[in-house]
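> everything below, folded, please.
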Amino acid sequence: MPNRWNAASTSALLALAGGGFTRQRAAAELTRRFGRLFTSAQVGGKARRLGVELALGKRGRPRLERAVPFVERRSSQCAFPLWGEEELTGNVCGAVARTGAPYCEAHLALCWNGSRVERVKRWAF
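Purely as a prediction, here's the structure:
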């Protein structure tokens, strides 16, 4: 498989990330500009290696309308707290949690420290 990343495609990805593009939109735009296929996985991997954050797509955003009280949360629901420092308890995200983890995909991404070893140790992926 040919290497898709050169100076031009890398700088284009950085510009798209700065413009608020999601992985999917950035992949489609890079494919259009350079005439070769860029997948969202390739774009996401390159962005991660560059330390660049891409915008979250519709599936990656936490849905606050699913918020549930902390004490009523089921083990299959995201436990990310939605209350402030002044409150003792409140609602949690309530979205479907990733198997073996306490949070949904979006909140795992917010809380992940970037260390693959630490991530594997803590959440057993």
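
> show residues contacting stretch 18-31.
9, 12-13, 16-17, 37-44, 47, 54-57, 60 (CB atoms under 8 Å, 6 or more residues apart in numbering). C-beta coordinates here come from the backbone N, C-alpha and C atoms, glycine included.

> for PyMOL, write a command that selects the buried ones of the residues you listed.
PyMOL command restricting the contacts of stretch 18-31 to the buried ones, with burial defined by 16 or more other CB atoms under 10 Å:
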select buried, resi 9+12+13+16+17+38+40+42+43+44+47+54
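
> how about low-confidence regions in the protein?
1-2, 57-65, 87-88, 112-125 (pLDDT under 70).

> all strands of it, in order?
Residue ranges of the strands in the chain, as given by DSSP state E, are 68-69, 91-92.

> packed most tightly, which of those would that be?
Most buried of those by mean neighbour count (mean count of other CB atoms under 10 Å) is strand 91-92; its value is a mean of 21.

> same for it, what does it pack against?
strand 68-69 (3 or more CB pairs under 8 Å, 6 or more residues apart in numbering; DSSP states H and E).

> the strand it packs on pairs with which strands, and in what direction?
strand 91-92 (antiparallel) (DSSP bridges).

> hmm, who's touching the strand it pairs with?
Ala67, Val68, Pro69, Phe70, Arg73, Gln77, Cys78, Ala79, Phe80, Pro81, Leu82, Trp83.
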